[in-house]
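Asks: this is the structure alone, sequence omitted:
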């Protein structure tokens, strides 16, 4: 076979293989795009868990939803720096603990700081729950209570202390109830 004819066959084969590979790449991209949620699409899943859940399951009306969305944005703004600080401290602790000569006192100090941040996160969460409870009606509070119990009960078989009377002064019969605690900091 002569060189020009071999060259043409080789060139045609490369073009055909390139087109086939390009077709597979485009097909793969299209299929992947169809089967995964778009990163920049509206965050319907988040809204379903948060705001839309409150609207559908708890029964918040439009005014309550606006207040809830405001409270949720405020809550997240408070939590974001705490979570960042927690990640930084965890990284520092791991770095120190895995160093050649770990300083036990430094590890203890960092661990206490991590515990303090966890405490602050729980307090911010508690305050948020109290604020959300303020906008709920009595009927909605029953649903909200059940929601909070499910949300914080990781072990479905764990008995809750409030069933034994720990929170017997719920719903306005004592000043420390969710609805009557107006001094939330």
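Replies: Okay, I see it. Quick caveat, the model's predicted, so the values are computed rather than measured.

Asks: what ranges in this structure fall below the confidence cut-off?
Replies: Regions of the chain meeting the criterion pLDDT under 70 cover residues 1, 36-52, 154-185.

Asks: can you pull out the helices in it?
Replies: Using DSSP state H, the helices of the chain run over residues 3-35, 44-49, 51-53, 62-97, 104-134, 138-152.

Asks: pipe those into a markdown table and attach mean neighbour count per row.
Replies: The way it works is simple: take the backbone N, C-alpha and C, and place the C-beta from them, glycine included. Below are the helices of the chain laid out as a markdown table (neighbours: other C-beta atoms under 10 Å):
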| stretch | mean neighbour count |
| --- | --- |
| helix 3-35 | 10 |
| helix 44-49 | 11 |
| helix 51-53 | 15 |
| helix 62-97 | 14 |
| helix 104-134 | 14 |
| helix 138-152 | 14 |
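
Asks: nearest spatial neighbour of residue 90, chain-adjacent residues omitted?
Replies: Leaving out its chain neighbours, the residue that sits closest to residue 90 by C-beta to C-beta, 6 or more residues apart in numbering is residue 114, at 6.7 Å.

Asks: again, but for residue 143
Replies: Spatial nearest neighbour of residue 143, chain neighbours left out: residue 58 (4.9 Å); criterion: C-beta to C-beta, 6+ apart.

Asks: roughly how far apart are that neighbour and residue 148?
Replies: For residue 58, the distance to residue 148 equals 11 Å [C-beta to C-beta, to the nearest Å].

Asks: before we move on, what about residue 11?
Replies: Counting by C-beta to C-beta, the separation of residue 11 from residue 148 is 69 Å.

Asks: repeat that for residue 116.
Replies: Distance, residue 116 to residue 148, using C-beta to C-beta: 24 Å.

Asks: residue 108 now?
Replies: Distance, residue 108 to residue 148, using C-beta to C-beta: 34 Å.

Asks: kindly report the same for residue 104.
Replies: Distance from residue 104 to residue 148, by C-beta to C-beta: 39 Å.

Asks: cool, and residue 138?
Replies: According to C-beta to C-beta, residue 138 stands 16 Å off from residue 148.
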